[in-house]
Every structure is written in structure tokens, then in C-alpha cells.
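# from the sequence below, what's the structure:
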Amino acid sequence: MNDLAFAALLTPEGHALLDEVRGTDPARELTVATRLRREHPAELVSAALGQERLRQRAVAKFGAGDAGRMFFTPNGVEQSTRASVAAYRAGRFRELGVTSVADLCCGIGGDALALARAGIRVLAVDRDPLTVAVARANVEALGIADLVEVREADVTDVDTSSYDAVFVDPARRGGRGRIFDPEGYSPPLSWAVGAAVKAPLAALKIAPGVPHESVPAAAGAEWISDGGDVKEAVLWFGTGPGAVRATLLPGPRVLFGRGLPDPQVRSVGRYLYEPDGAVIRAHLVAEVAEEVGGGLVDETIAYVTADELRATPYASAYEITDQLPFGVKKLKALLRERGVGVLTVKKRGSAVEPEEIRKMVKPRGPNSATVFLTRVAGAPAMLVGHPVRSAPRAGQ
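Sure thing, here's the model as predicted:
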């Protein structure tokens, strides 16, 4: 979609066409397009159907209500922040007393939307003309134009001194896909850090796989998961250098780092705890182990084991019924004996893929089980058990 095609979508004819293609099944696109091209320009029909396709994809991030009114680009859907995460971060800005934010590299405006809904005035900046046009359209469509100014500019040229805080979400994808080197971001992470330290308060969104040694000394680091999936890491400036936290949504539930030493390795107990991905990324497994009174099954594996069941929102608990040395035949025999037909396979520290195991053991029967492919005290092992669904969650 080019600038002219998008502009056509904003005309009365374009809006009417978007309403007409709403809910179109992708399998019927060709039929619908053929019919509509009899009365509308072919390029406009293609743009409307393409936009509806993007809106359907965006429901997972923005919800049906907002996604059905917003406008998107393919990169915008891919790179924009999930609405629940953006709302959490906007709430944190508000709790910190922020009333205005310079949102640099704003994309299609997802974070600006969340900030505005939190009552924060926003300057949203991006240098791509089409992206800026889409962000402006979203500001209008969602009724937040009184709080959001969208500006087409290079973020490196923008004066942010009149704003309480700066938020930077550098582009982490290029023509060849995901960019892993932070200096390959657009703008580079070093520039974003330089802009952050000049502001009274700042947050930089980065990939959750960032090495801890790459976190600037002046920043605190937060890893965020939503529904168990790790979504992003954020470097916070002006809130306490060196602070580390894992935030789990919905909630939020926040686990703060206390600088604990690595837990001791111990024998496998009755329960196995699988820490949330944000906890693992934040290197806070020791905090979970202390909370449940457990230790590690292996010094290199982020599985915690304990003899007693204790409530924690930061890990999923499993009751372990069997511990076996790694071997497909032994596992197959055990599952057949237990009548297991529904098998969940998890792995950590094993080169064997879960789907490969399922094909080899061919589970059959009315019962279910979970098998962990891992290492126990350095040796390949299989732990068999089931989720503890009735365990109370802290804070509930």
C-alpha cells in the first residue's frame, strides 16, 4: 500500500468500502474483489481488502473494538506493542507523575493511544510518511487528537526538553528480518540511551533477549510477559539504576530482583516449578526458588524443584510422579502403562524436539501427562507429572 492508496481509504468512498469489506473471509477475497471492482477503482478495492486483512490480524494485539477502527501497515501490525503491555507501561508513566511524553519512533501509534488514554499528552514522532499518515488516522479514529500531536520528522532532530518523559521504540527489523545487534536498530540503541539520559524520565523498548551486560549502568531493566509469553524488555532511566524486575500480565504481578545468589542444586522433589519466561529473562529464578523453598534440578537449567507446594504467581507448578534417565523406550512403556493419550512435552537443556518425542512414543489412552526433557545434576533425564491446577496463586 502506497501513500495515495492509503489516502483514498480516508475518503468517504474509502470509508464506505471499508465498511462493506468488514469481516470478509480471506478465502472469499477474490470473489469479493471481483464484485467490488465493477463499481470502484481496482487499487482502492485492493487497499480496502488489504486493510481488512491487517485489521483481522491486529485483533490479537488491539482487541476487536480498536482493531476494527484503526488503520495498519504490515510492519505496523508486526512491530506494534500489544495493547495490554502498552496500557501497563502508560499506567506506570502515570504513577511516576508523568503528564507529557515524547514518543519517538511511534509507528502506527499504539503506545501513543495507551498514553493518551492514561491522560498523558503525547508528541508522536516517526520519519516514514506512510506510517505517520496511518498514526494520524488512528489518532482521529480513536478520538484522542486533543492529546496527541503526530509529527513527521527524524527523531534525532526532535527537541524533547519540554516533555516530562521520553519513550523510544527503535525499529528492530530491517529488509532481512529481525535485527539482533542493538547498534543495528533504527535509531541505534546508543543514540536512544543518549536521548534517555538527558530526559528527566525515559523508557526504551528493546528485545527481551538483550544480554544483561548490555544494560547501561544508569538504567533499570524490566522484562514483561503477557499470558505467559515474553513480549519485551524495557530500560527505565530516572527510576533507579541497576533495578531489575519481571512483570507478568495480566495483573500486573511484579517480581523485584534482590541480588540473590544462584540456588543450590538438589534432588528432584515432589514438585517442579517452571518459572515464567519474564522471570527467566530477568535472571530472577533465585527469587522464585526462595519463595517456594526449592533448588535447581541442574545448575544450568531454570527448573526449580521442592518437596512442598507453595503458591507463587511467578511459576507454574507440576507434581512429578516419575523420574527416568533419558530413553524413548522407557518413556513409551511408562505412558502405555498409565494409559496416557494426551501428552504435553516440555524441554529445557535437551536437543530433542517435543514433536519428535510425540511421534516416537505414539501416546494412546484416556489420561494425560506432561514430560520434561531436561538434565538432572548434569545427566539427561525425563520427569513425568501433571500440572497442579488447584494451587492458589499469590495475590488471589
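
# let me see the contact set for the residue nearest in space to the middle of the chain.
When C-alpha atoms, centre = their mean is applied to the chain, the residue found nearest the centroid is Lys231 (1.7 Å). The contact partners of Lys231, by C-beta atoms under 8 Å, 6 or more residues apart in numbering, come to 81-82, 85, 208, 224-225. (C-beta placed from N, C-alpha, C; glycine too.)

# doesn't it fall inside a strand?
Yes. Under DSSP: H, G, I helix; E, B strand; the rest coil, Lys231 falls within a strand.

# flag the shaky bits of the chain, pLDDT-wise.
For the chain, the stretches with pLDDT under 70 are 172-180, 184, 390-396.

# Ala141 against Phe72, yeah?
No. Using C-beta atoms under 8 Å, Ala141 is not in contact with Phe72, being 11.4 Å away.

# who has more neighbours, these two?
Phe72 (26 against 17; other C-beta atoms under 10 Å).

# is it true that that one touches Lys61?
No. In this structure Phe72 lies outside contact range of Lys61 using C-beta under 8 Å: 9.8 Å.

# regarding this protein, what is its longest helix?
When the chain is parsed with DSSP state H, its longest helix is helix 42-67.

# what's the first helix or strand after that one?
helix 74-79 (DSSP states H and E).

# so which residues make contact with that following helix?
With C-beta under 8 Å, 6+ apart, helix 74-79 has contacts from 54, 57-58, 61, 107-108, 131, 134, 171-173.

# 10 Å - rerun?
The contact list for helix 74-79 (C-beta atoms under 10 Å, 6 or more residues apart in numbering) reads 1, 50, 53-58, 60-62, 67, 70, 72-73, 105, 107-110, 128, 130-131, 134-135, 138, 169, 171-173.

# one step back: name the residues of the longest helix of the chain that are buried.
44-56, 58, 61-62, 66-67 (16 or more other C-beta atoms under 10 Å).

# again with stretch 90-97
Neighbour-count burial for stretch 90-97, counted by 16+ other C-beta under 10 Å, picks out 90-93.

# which of the contacts of Lys231 fall in strands?
224-225 (DSSP state E).

# now the contacts of Lys231 in JSON lines, with neighbour count?
Formatted as JSON lines, the contacts of Lys231 follow (neighbours: other C-beta atoms under 10 Å):
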{"residue": "Thr81", "neighbour count": "22"}
{"residue": "Arg82", "neighbour count": "20"}
{"residue": "Val85", "neighbour count": "23"}
{"residue": "Pro208", "neighbour count": "18"}
{"residue": "Ile224", "neighbour count": "29"}
{"residue": "Ser225", "neighbour count": "23"}
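
# tell me the one of the contacts of Lys231 nearest Arg22?
Arg82 (22.7 Å; C-beta to C-beta).

# now the closest one: how far from Leu249?
9 Å (C-beta to C-beta, to the nearest Å).

# can you work out which residues contact both of those two?
Common neighbours of Arg82 and Leu249 (C-beta under 10 Å, 6+ apart) are 88, 224, 226-227, 229, 231.

# and the residues you listed as CSV, adding distance to Thr34?
Converted to CSV, these look like this (distance: C-beta to C-beta, whole Å):
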residue, distance to Thr34
Tyr88, 44
Ile224, 45
Asp226, 40
Gly227, 40
Asp229, 39
Lys231, 40
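
# identify the farthest-apart pair in these.
The farthest-apart pair in those, when distances are taken by C-beta to C-beta, is Tyr88 and Asp229, at 14.2 Å.

# which of the two has more neighbours?
Tyr88 (19 against 13).

# mind giving me the packing neighbours of the helix or strand hosting the more buried one?
Per DSSP H and E: Tyr88 is located in helix 83-95. Counting contacts by 3 or more C-beta pairs under 10 Å, 6 or more residues apart in numbering; DSSP states H and E, helix 83-95 packs against helix 42-67, strand 100-104, helix 110-117, strand 165-168, strand 202-206, strand 219-226, strand 229-237, strand 244-249.
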